[in-house]
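Peer 1: My questions are about this predicted structure, shown below with the sequence.
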Amino acid sequence: MRSHDSIFDKGLPSNPDAERFVLGSILIDDQSLLQVAGVIEPEDFSLEKHRRIFLRMIDLHDRGERIDRVTLANELIRHGQLESVDGLAYLVSLDDGLPQITNLESYVRIVKSKALLRRIILSSQRTIDRCIAGDEDPENILASAGDEILRLGEQRQGAGLATPGQIIEQYEGGVNAFLDPSKRIQGVSSGFLKLDEKTGGMRPGELIILAARPAMGKTALALNIAMHVAGKLQRTVAVFSLEMSRESLLTRLLCATARVDSQKFRAGFLNQHERRQLQIAASELVEAPLYIDDSAGTNLMDIHAKLRRLKAERGLSLAIIDYLQLMSGRGRFENRVQEVSSISRGLKLMSKELEIPIVALSQLSRAPETRQGDHRPQLSDLRESGSIEQDADIVCFLFREEIYKPDRTDLKGLAELILAKQRNGPIGKVNLVFLHSLTKFENRVGDLDDEAPPEV
């Protein structure tokens, strides 16, 4: 970042008097530092000398020493900085003109506002410089610029501490709405009844991990959810596929919606009834607010920018990412575990910022294959990073025992959705039916065996 003195010299937004009054207030009463330090950062001061003075005040406070002109001057001398802040005479002048009854909160607010304006200007200048250089893809520049401005906004909008009374007061509808379950925020239905009963639907700000071994049907289940939300509920859904083409995904959606054998569709052996069903399904898909992106090498920043744009233009209720381990992080990482940790944390923050549920598909390690007896997945099987389990609000495992026991005809089509973690509700099991020919999951009729497994 450019020198703070040069910032002031160039006429960028600043208020040196407000900065001086903040520092002067601390010199008069060093307990004021506690009120200031949690809000103002050294970089918020436009003048370098004010920044240095503030840093030395923090050093004194951290050592438990009093902050006054003498101790502050001595601390600056110890760091060889007294002359660079215009000497003892300037320290003495810090409270010149300061009212007897200070208005510290207002001074702090002015300093923070000016600092934010400078950061916006500098961020914009960096974007302009990159555009002029022309060395990068415009989409990357746009995504990066949007992310940087969003981060500035998030820093300013930090909610801070709040009492229960303040939380209820700020809740839409007040205390009556807060206490009335029917008026609380309801999640988006997944279309699977028992899952919705256990979770209350997919709620805004939640990161939902859907994990399984290959060929279990993760993508099929995710598409079933997407089509229910976009088709039946008519709410906007974005699907990012890093593995399959959008044509393949559309074929799956079409056959599942029309209830037509996908193999017969690919081979072209369709009767008149099936063709009619496909036409009806195609009409439904065309009308559904469903958006599919199959861009290769998509990273977190790209997805964030596209979702933000879609939400602004069309609204957004759900995002699905297939799948997490194929995503790449921005920046350098020592290993893949760190990169996946960064991605999972980024997805969680994205869901909170956009106020939507995000369903991220994930691969599992080979541990279920080698496990003797019961091959059902466990949280420890999540591949490449334990932070996935930590960041997720809900972790679901898709399990079909017929994969491991192909000779058991009684297991054909039976599937389980194991709710292994839920931050705000119970864990348990949801029984489903998998229709192979349609690559589609449906509720299992009449089977209510969804008791939670015993806790260990």
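Peer 2: Nice, I can see it. Residues are numbered from 1 along each chain as shown.

Peer 1: Okay, helices next: where are they in the stretch 251-400 of the chain?
Peer 2: Remark: helices assigned in the stretch 251-400 of the chain by DSSP state H, counting those that start in this stretch are 262-267, 272-287, 300-314, 336-354, 367-370, 387-391.

Peer 1: buried residues in the helix ranked longest in the chain?
Peer 2: Looking across the chain with DSSP state H, the single longest helix is helix 104-133. Neighbour-count burial for helix 104-133, counted by 16 or more other Cβ atoms under 10 Å, picks out 104, 107-108, 110-112, 114-116, 118-119, 123, 127, 130. Where C-beta positions appear, they are placed from N, C-alpha and C, glycine not excepted.

Peer 1: Any idea which of the helices of the stretch 251-400 of the chain gets closest to Pro164?
Peer 2: Closest to Pro164 of the helices of the stretch 251-400 of the chain is helix 336-354 (Cβ to Cβ; 21.1 Å).

Peer 1: Who are the packing partners of the closest one?
Peer 2: strand 207-212, helix 300-314, strand 318-322, strand 358-363, helix 387-391 (3 or more Cβ pairs under 8 Å, 6 or more residues apart in numbering; DSSP states H and E).

Peer 1: Export the ones you listed to CSV and append columns for distance to Leu223 and mean pLDDT.
Peer 2: Listed next are the helices and strands packed on helix 336-354 as CSV, based on distance: least, Cβ to Cβ, whole Å; pLDDT from 0 to 100:
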stretch, distance to Leu223, mean pLDDT
strand 207-212, 11, 89
helix 300-314, 18, 81
strand 318-322, 8, 90
strand 358-363, 11, 89
helix 387-391, 21, 77
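
Peer 1: Tabulate these in TSV, adding columns for mean neighbour count and distance to Arg63.
Peer 2: Shown next, in TSV, are those (neighbours: other Cβ atoms under 10 Å; distance: least, Cβ to Cβ, whole Å):
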stretch	mean neighbour count	distance to Arg63
strand 207-212	26	41
helix 300-314	17	41
strand 318-322	25	48
strand 358-363	25	45
helix 387-391	19	35
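
Peer 1: Of the ones you listed, which is nearest Gly413?
Peer 2: Here strand 207-212 is closest among the helices and strands packed on helix 336-354 (Cβ to Cβ), at 16.1 Å.

Peer 1: need the next SSE after that closest one, C-terminal direction.
Peer 2: Toward the C-terminus, strand 207-212 is succeeded by helix 218-227 as the next helix or strand (DSSP states H and E).

Peer 1: Distance from the helix or strand just after that following helix to the middle of the chain?
Peer 2: Sequence-wise, the next helix or strand downstream of helix 218-227 (DSSP H and E) is strand 237-241. Taking Cα atoms, centre = their mean, to the nearest Å, the mean C-alpha location of strand 237-241 is offset from the chain mean by 15 Å.

Peer 1: What helices and strands are in contact with strand 237-241?
Peer 2: Applying 3+ Cβ pairs under 8 Å, 6+ apart, one finds that strand 237-241 makes contact with helix 218-227, strand 290-293, helix 300-314, strand 318-322.

Peer 1: Which strands or helices does the last one pack on?
Peer 2: Looking back up the chat, that one is strand 318-322. Packing partners of strand 318-322 (3+ Cβ pairs under 8 Å, 6+ apart): helix 218-227, strand 237-241, helix 300-314, helix 336-354, strand 358-363.

Peer 1: run the last query once more with 10 Å
Peer 2: Contact here means 3 or more Cβ pairs under 10 Å, 6 or more residues apart in numbering; DSSP states H and E; on that basis strand 318-322 packs against strand 207-212, helix 218-227, strand 237-241, strand 290-293, helix 300-314, helix 336-354, strand 358-363.

Peer 1: so it versus helix 218-227, what angle?
Peer 2: When axes from the mean of the first three to the mean of the last three Cα atoms, to 10 degrees is applied, the directions of strand 318-322 and helix 218-227 differ by 160 degrees.

Peer 1: I'd guessed Ile343 sits against Ile388; true?
Peer 2: Yes - here Ile343 reaches Ile388: they are 8.9 Å apart, a contact under Cβ atoms under 10 Å.

Peer 1: how near is the residue nearest to Glu402 when sequence neighbours are not counted to Tyr404?
Peer 2: Counting by Cβ to Cβ, 6 or more residues apart in numbering, Leu411 is the residue found nearest to Glu402 once chain neighbours are left out, at 4.2 Å. Counting by Cβ to Cβ, to the nearest Å, the gap from Leu411 to Tyr404 is 9 Å.

Peer 1: What of Ile320?
Peer 2: 27 Å.

Peer 1: Ile110 now?
Peer 2: 66 Å.

Peer 1: And Leu94, by the same measure?
Peer 2: 74 Å.

Peer 1: who's more crowded, the two?
Peer 2: Set Leu94 next to Tyr404 and count neighbours by other Cβ atoms under 10 Å: Leu94 wins out with 23 against 16.

Peer 1: Is the more buried one in contact with Leu47, as I believe?
Peer 2: No - applying Cβ under 10 Å, one finds Leu94 not in contact with Leu47, separated by 11.9 Å.

Peer 1: Give the buried residues for the strand or helix carrying Val433.
Peer 2: If you go by DSSP H and E, Val433 is part of strand 428-435. By neighbour count on 16+ other Cβ under 10 Å, the buried set for strand 428-435 is Gly428, Lys429, Val430, Asn431, Leu432, Phe434.

Peer 1: just stretch 92-100 next, same as before
Peer 2: In stretch 92-100, residues buried by neighbour count (16+ other Cβ under 10 Å) are Leu94, Asp95, Leu98.

Peer 1: same question, stretch 398-410
Peer 2: Result for stretch 398-410 [16+ other Cβ under 10 Å]: buried residues Leu398, Phe399, Arg400, Glu401, Glu402, Ile403, Tyr404.

Peer 1: on that earlier part again, export the helices and strands packed on strand 237-241 to a markdown table and append columns for distance to Gly201.
Peer 2: Formatted as a markdown table, the helices and strands packed on strand 237-241 follow (distance: least, Cβ to Cβ, whole Å):
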| stretch | distance to Gly201 |
| --- | --- |
| helix 218-227 | 11 |
| strand 290-293 | 18 |
| helix 300-314 | 19 |
| strand 318-322 | 10 |
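
Peer 1: what's the closest of those to Ser362?
Peer 2: Closest of the helices and strands packed on strand 237-241 to Ser362 is helix 218-227, at 8.2 Å (criterion: Cβ to Cβ).

Peer 1: quick one, that closest one and strand 358-363 angle?
Peer 2: Using the same axes, to 10 degrees: helix 218-227 against strand 358-363 is 170 degrees.

Peer 1: could you check the angle helix 272-287 makes with helix 218-227?
Peer 2: Using the same axes, to 10 degrees: helix 218-227 against helix 272-287 is 70 degrees.

Peer 1: tell me the mean pLDDT over helix 218-227?
Peer 2: Mean per-residue pLDDT for helix 218-227: 89.

Peer 1: now that helix, how far from the centre of its chain.
Peer 2: Distance, centroid of helix 218-227 to centroid of chain: 21 Å (Cα atoms, centre = their mean).

Peer 1: again with stretch 77-93
Peer 2: 45 Å.
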